[in-house]
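1. Give me the fold of what follows.
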Amino acid sequence: MAAALPEWHDALHTIGKRQRSVENIVLPLDGSASSRRAIPIGRYLAQLYGATLHVLYAAEHPFSPREAIDQLGLRDEDLHGAVLDQHRGEPAPAILAAGRQLLRPIIIMCTNTGHHSGADCFGSVTEAVLAGTPERIVLIAERDEAPWTIQRILLAHDGTPSSDLATAPAAEIAQRAGATVIAIHVAARGDHYREEPGSLPAPRYVDQPQHEWPNWASEFMNRMLALGAPPSSVSFKLVVTGGQAGSEVAHVSREREADLVVMAWHGRWDTPQSATKVVVRTAGCPVLLIYSGAE
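-> Residues are numbered from 1 along each chain as shown. As a prediction, this is how the structure comes out:
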């Protein structure tokens, strides 16, 4: 189900210049072909933010830079302008340490890094990194090593204050990339809606035109714009659907051919079929998770 809502091409106010929110990109590699799928994303985001790209690898024994490049299957152009960071020991602690020590980082990694302990799990290294609740992490489940750019961003927002935290990061990326932001709200029903103080639940009847929809849409958009929506040079749209949150977000991502999904998460999976995990696995594009800390 989808509610017919207006497209918002112009912001209601202009956002002043802000300090960039990302200074460093942490790109863990382990030499596998799957981990190299993250290289185009890391390089593009480093360029977009003007950030330093840190190619990180952990090994039991140290390598020389040339040996490391060969071991990781990198080309010289992959490391142009990047820093090669070598760590001894287990990879997940090294990745989390880099995320804590570097200024304003984003971690970028594939979902199947490490060994798999079950069909419903990501790779062991990915799961261990997520258990450390990094502030920002881009997860990549499906893609090849082709070049990557951002033209359409899907911002998942459930009407709760914790999900507001994803708005400004999505807006900043859109502003830098000149991308369209499509904000999607999956309206929950009845007792399934877990309300937080300050939440803005959608009107009850998603599939029927109601007089509340214009007022709700206006309030929703004003709230998001106040939190950091793109200026008038960036197209901004709102889509409201009903159904299962994870599958709906993934469906709209594929339908609208999104290049990046941005969403807040609370740092844990409620179930293997949690909305966040479903989106990461099936959205068809990289997913940027913003840690909200909300329970």
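
2. Residue 256 and residue 152 touch, don't they?
-> Yes - using Cβ atoms under 8 Å, residue 256 makes contact with residue 152 at a distance of 6.0 Å. Using the backbone N, CA and C atoms, a C-beta is placed for each residue, glycine as well.

3. Do you have the strands of the stretch 1-150 of the chain handy? List them.
-> 2-3, 7-8, 24-28, 52-59, 82-88, 105-110, 136-140 (DSSP state E, counting those that start in this stretch).

4. any chance of these in TSV, plus mean neighbour count, distance to residue 99 and mean pLDDT?
-> Conversion of the strands of the stretch 1-150 of the chain to TSV gives the following (neighbours: other Cβ atoms under 10 Å; distance: least, Cβ to Cβ, whole Å; pLDDT from 0 to 100):
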stretch	mean neighbour count	distance to residue 99	mean pLDDT
strand 2-3	18	37	43
strand 7-8	16	34	40
strand 24-28	26	6	95
strand 52-59	20	10	89
strand 82-88	15	12	85
strand 105-110	27	5	96
strand 136-140	23	8	96
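
5. For those strands, give me a markdown table that also has distance to residue 236.
-> Listed next are the strands of the stretch 1-150 of the chain as a markdown table, based on distance: least, Cβ to Cβ, whole Å:
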| stretch | distance to residue 236 |
| --- | --- |
| strand 2-3 | 17 |
| strand 7-8 | 5 |
| strand 24-28 | 26 |
| strand 52-59 | 29 |
| strand 82-88 | 33 |
| strand 105-110 | 22 |
| strand 136-140 | 21 |
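
6. Residue 175: which of these is closest?
-> Residue 175 lies closest to strand 7-8 among these, at 15.1 Å (Cβ to Cβ).

7. that older thread, could you work out which of the strands of the stretch 1-150 of the chain reaches nearest to residue 178?
-> Across the strands of the stretch 1-150 of the chain (criterion: Cβ to Cβ), the nearest stretch is strand 7-8, sitting at 16.5 Å.

8. Find residues that contact each of residue 256 and residue 152.
-> residue 182 (Cβ atoms under 8 Å, 6 or more residues apart in numbering).

9. buried set for stretch 89-106?
-> For stretch 89-106, a neighbour-count test (16 or more other Cβ atoms under 10 Å) marks 91-92, 94-96, 98-99, 102, 105-106 as buried.

10. can you map out the helices along the stretch 1-150 of the chain?
-> Along the stretch 1-150 of the chain, counting by DSSP state H, counting those that start in this stretch, helices occupy 39-49, 65-72, 91-101, 124-131.
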